[in-house]
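> only the shape, not the letters, is given here:
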């Protein structure tokens, strides 16, 4: 590493920072920026004489845009130092403990050691400091907060009235974004207290929930955003507040800036509690504990487990010394406080190269493009494949083989390509094959138009293998689907076992499941007679099912669980459903012309009808009076429910209970909605329900209503 290399690294970081904070167009992922910034800090530690004034380590934030009025922060808005491991987290707070020990008066200790040699005195003093540091570390009160992946804002109140909201900017001067801040429902325009402080600055994070972000990116009227934080930043810096109003944002405070009042606080937790008292939404996943290696690791595992279930994105945990007196003693360095650190989660967004694109054939014959990537470690695992959804998505991304791409992975969700970072030197167009890659049947192109109520219609292009039951890939996927949890729920008959049995020619269609013998399974590697017997017992148990479950498992295009239940409830018997024409089918609630056509086409097909008969002959059955018994208990019949926010009960259980009682569960709020069941951190659906005057209930009321 030379000084010139160091200068180039500084220039690169400043370029990336400008693109992110000023242009709202990030060039790399957050994790890559963090890693490069960490590299710069290491270099500057090794070569302190190289440090230049323009280095990003020498300032709190980045330059502000000239578009908005500039507002000075009375108290700096600091950034946080990052820790990427348990060891780095412990080291940070051990340094804090050592600093606190160094601040103490060692005059008495010096007097005690006056009669010893200088060398011995220094050794004893060093041992004493090490012991004192270790003991103090274990008494440090720590406050843990999820690190919301949003946009930092400072709200300035005078005598309880919101005067302005400002961005972080460069930490000393921010931008006036009051016009968009006021559109956020979770920010009180007036504090909910009869004795407001003369001056109060509330620092916190403006963020967009995952659900709102997905809706925004699917809109035809806006450019796609890389992540919810980028979307929140772009929304806050809109010149038109009406545009911000259409993208519901939320705000959660994390600290206090300027403050003038008689009330005093001794701990950070007291400040957050006070914010809750005066009208702010506070984070319910915070926790306090005493510092220790075990405590930090347990808390990290707790939040990592919660991460994917939260309605908003978080990219780590902020650990703060809870004692405000200790915070004041420690102070801060140029860029960050010495009493708080951000423990980052493994990267969920990374950049890699698109090496090739394969096409997979699904259960209904649809061909889906799959990206083959240069392996990259993201979200805690090595990723080499990612979904591309369809050819329309490839066109929207302007993607070619050879391009550098950004991929995103969250929890167990299949990684997806987010955008093209840079075009490859050698680019190759992605072309849909003319014939199925599995059975070589002709691939058929279909263009469907999706009609929306409040926005322009959208055309979706799909490609199907025409091979049907002659296509081995479709057969495998149909059998997997039939045995899956949401269908016949034959848990022991897993996907891998289905693939092996299909490869060996034992399974050629769904009905073959019920023809399996012990020898077919027992002779396979890793199975044996005992396990084979368990699988056959599960298969036998699956024969007794429900009419609606059977319809779902048939895999009729566009007929999912909800549609199957509506068809079963309406026609009551398989014979009546088989005989129904398209005109009769569209009379079923939520069954449109496309679904009706698919149902009729399915039962008009000789092979499909034969499959249904084979399943019935194999012993699959259901109680003919099941729909009558259900109808007798349907106290919520005709009602439409919407679920939103974080709920303590699993959503699938709540949904199943509502449907058993006759209610329809919808994903969107409308004038036809009967109830909205709202949990913690409810988002845009709650806002919409409030606007429409829809009845909103909590879980306790839900349980009382559905007893």
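That came through, no problem. No experiment lies behind these values; they were computed from the predicted model shown.
> and stretch 489-507, how far from the chain's centre?
A distance of 32 Å separates the C-alpha centroid of stretch 489-507 from that of its chain, computed with C-alpha atoms, centre = their mean, to the nearest Å.
> list the contacts of that stretch.
Applying C-beta atoms under 8 Å, 6 or more residues apart in numbering, the contact partners of stretch 489-507 are 472, 475-476, 479-480, 483, 485, 508, 512-513, 516, 520-521, 524, 531, 534-535, 538-539, 542. In this view, the C-beta of every residue, glycine as well, is placed from N, C-alpha and C.
> buried residues, that stretch. List them.
Buried residues in stretch 489-507, counted by 16 or more other C-beta atoms under 10 Å: 490, 493, 497-498, 500-502, 506-507.
> then stretch 359-366?
Applying a neighbour-count criterion of 16+ other C-beta under 10 Å, one finds 359, 361, 363-366 buried in stretch 359-366.
> kindly report the same for stretch 661-677.
Burial within stretch 661-677, assessed by neighbour count using 16+ other C-beta under 10 Å, is assigned to 661-666, 669, 673, 675-677.
> returning to that earlier point: just the ones in helices from the contacts of stretch 489-507, please.
472, 475-476, 479-480, 483, 520-521, 531, 534-535, 538-539 (DSSP state H).
> sorry, back to before: give me the buried entries from the contacts of stretch 489-507.
Neighbour-count burial within these applies to 472, 475-476, 479-480, 483, 512-513, 516, 520-521, 524, 531, 535, 538-539, 542; the criterion is 16+ other C-beta under 10 Å.
> strands along the stretch 151-300 of the chain, start to end?
Here the stretch 151-300 of the chain has its strands, by DSSP state E, counting those that start in this stretch, at 151-158, 161-167, 173-175, 199-207, 250-260, 287-290.
> turn these into TSV, columns for distance to residue 32, mean neighbour count and mean pLDDT.
Formatted as TSV, the entries for the strands of the stretch 151-300 of the chain read as follows, by distance: least, C-beta to C-beta, whole Å; neighbours: other C-beta atoms under 10 Å; pLDDT from 0 to 100:
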stretch	distance to residue 32	mean neighbour count	mean pLDDT
strand 151-158	20	22	94
strand 161-167	23	20	93
strand 173-175	26	20	89
strand 199-207	21	23	96
strand 250-260	25	20	94
strand 287-290	30	14	95
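> and of those strands, who's closest to residue 636?
Evaluated with C-beta to C-beta, the strands of the stretch 151-300 of the chain place strand 250-260 nearest to residue 636, the distance being 30.1 Å.
> residues in contact with the closest one: which ones?
By C-beta under 8 Å, 6+ apart, the residues outside strand 250-260 that reach it are 73-75, 77, 145, 148, 153-154, 156, 184-187, 197-209, 268, 271-272, 275, 280-283, 312, 318, 681, 683.
> ok, of the buried residues of stretch 489-507, which one's closest to residue 169?
Comparing the buried residues of stretch 489-507 against residue 169 with C-beta to C-beta picks out residue 498 as the nearest, at 57.0 Å.
> where's the closest one relative to residue 483, distance?
In this structure, residue 498 and residue 483 are separated by 7 Å, where distance is defined by C-beta to C-beta, to the nearest Å.
> check contacts around the residue lying closest to residue 247 once chain neighbours are set aside.
Taking C-beta to C-beta, 6 or more residues apart in numbering as the measure, residue 247 lies nearest to residue 235, with 4.7 Å between them; neighbours along the chain are not counted. Neighbouring residues of residue 235 by C-beta under 8 Å, 6+ apart: 180, 208, 243-244, 247, 249.
> and the residues you listed, which are buried?
For those, a burial check counting by 16+ other C-beta under 10 Å picks out 180, 208, 244, 247, 249.
> and of the residues you listed, the nearest to residue 427?
Using C-beta to C-beta, residue 208 is the member of the buried ones among the contacts of residue 235 that sits closest to residue 427, with 33.1 Å.
> what's stretch 324-334 in contact with?
Outside of stretch 324-334, the residues within contact range by C-beta under 8 Å, 6+ apart are 57-60, 76, 78, 96, 99-100, 103, 140, 265-268, 320-321, 337-339.
> so where do the helices sit in the stretch 551-700 of the chain?
561-571, 574-579, 582-585, 593-604, 606-617, 626-632, 651-660, 684-692, 699-705 (DSSP state H, counting those that start in this stretch).
> from these, which stretch is densest packed?
Between those, the one whose residues have the most neighbours on average, counting mean count of other C-beta atoms under 10 Å, is helix 561-571 (a mean of 21).
> tell me what that one is packed against?
When contacts are defined as 3 or more C-beta pairs under 8 Å, 6 or more residues apart in numbering; DSSP states H and E, helix 561-571 packs onto helix 547-553, helix 574-579, helix 626-632.
> hmm, try it at 10 Å
Helix 561-571 is packed against helix 547-553, helix 574-579, helix 582-585, helix 593-604, helix 626-632, helix 651-660, strand 664-666, with contacts defined by 3 or more C-beta pairs under 10 Å, 6 or more residues apart in numbering; DSSP states H and E.
> identify the residues contacting the third one?
It stands for helix 582-585. Helix 582-585 is touched from outside by 567, 570-571, 576-577, 591-593, 595-601, with contacts defined as C-beta atoms under 10 Å, 6 or more residues apart in numbering.
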